[in-house]
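Trainee: How does the following fold in three dimensions:
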Amino acid sequence: NQVPPRGLTAPAFAKEQDAKAIEEILALDAKRFAGKVSQAGISMCGYGPVTAMLIAAKRLGAREAKLLKYATSSDMSRDLRTAVGYGAIAVYR
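Mentor: Numbering: from 1, shown residues only. Model (predicted):
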């Protein structure tokens, strides 16, 4: 949960930031994921476990990842002042 830049609602900013991380997760690239999170200053829970999952998935032969669902907390609350993003991603061999 970060303060959005002027002109963006919290949900729009969350989606923008999350899209950067999700792009690298879908590419199954742990190194690029870690770099993107750091470079873009993305605040996220589960950074370590996601990185570990990406490394393990590749070692176990994963070839594809698919975004199943993405939503923000404001999709339910309709509060545009704060938002947390949630993504469900499946990884396949």
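
Trainee: how about stretch 40-59 as PDB, C-alpha atoms only?
Mentor: In PDB, the C-alpha atoms belonging to stretch 40-59 read as follows (Å, rounded to 0.1, in the frame of the first residue of the first chain):
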ATOM      1  CA  ALA A  40      10.400   0.400  -9.500                       C
ATOM      2  CA  GLY A  41      10.100   0.600  -5.700                       C
ATOM      3  CA  ILE A  42       7.200  -1.800  -5.700                       C
ATOM      4  CA  SER A  43       5.800  -2.500  -2.200                       C
ATOM      5  CA  MET A  44       4.600  -6.000  -2.000                       C
ATOM      6  CA  CYS A  45       4.000  -8.800   0.500                       C
ATOM      7  CA  GLY A  46       5.500 -12.100  -0.400                       C
ATOM      8  CA  TYR A  47       8.500 -10.800  -2.400                       C
ATOM      9  CA  GLY A  48      10.800 -13.500  -1.000                       C
ATOM     10  CA  PRO A  49       8.400 -16.400  -1.400                       C
ATOM     11  CA  VAL A  50       7.500 -15.300  -5.000                       C
ATOM     12  CA  THR A  51      11.200 -15.100  -5.800                       C
ATOM     13  CA  ALA A  52      11.800 -18.600  -4.300                       C
ATOM     14  CA  MET A  53       8.800 -20.000  -6.200                       C
ATOM     15  CA  LEU A  54      10.100 -18.700  -9.500                       C
ATOM     16  CA  ILE A  55      13.500 -20.200  -8.900                       C
ATOM     17  CA  ALA A  56      12.000 -23.600  -7.900                       C
ATOM     18  CA  ALA A  57       9.500 -23.600 -10.700                       C
ATOM     19  CA  LYS A  58      12.200 -23.100 -13.300                       C
ATOM     20  CA  ARG A  59      14.300 -25.900 -11.800                       C
END
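
Trainee: model confidence over the top helix by length along the chain, on average?
Mentor: Taking DSSP state H as the criterion, the chain has its longest helix at helix 10-26. Computed over helix 10-26, the mean pLDDT rounds to 96.

Trainee: how about that helix as CSV, C-alpha atoms only?
Mentor: Output of helix 10-26 as CSV, limited to C-alpha atoms (Å, rounded to 0.1, in the frame of the first residue of the first chain):
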residue,chain,number,x,y,z
ALA,A,10,-4.8,4.4,-5.3
PRO,A,11,-6.3,1.5,-7.3
ALA,A,12,-4.9,2.8,-10.6
PHE,A,13,-1.4,3.1,-9.0
ALA,A,14,-1.7,-0.3,-7.4
LYS,A,15,-2.6,-1.8,-10.8
GLU,A,16,0.2,0.0,-12.5
GLN,A,17,2.8,-1.1,-10.0
ASP,A,18,1.5,-4.7,-9.8
ALA,A,19,1.5,-5.0,-13.6
LYS,A,20,5.2,-4.5,-13.6
ALA,A,21,5.8,-7.3,-11.1
ILE,A,22,3.2,-9.6,-12.7
GLU,A,23,4.9,-9.2,-16.1
GLU,A,24,8.1,-10.7,-14.7
ILE,A,25,6.3,-13.5,-12.8
LEU,A,26,4.5,-14.5,-16.0
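
Trainee: Done for today, thanks.
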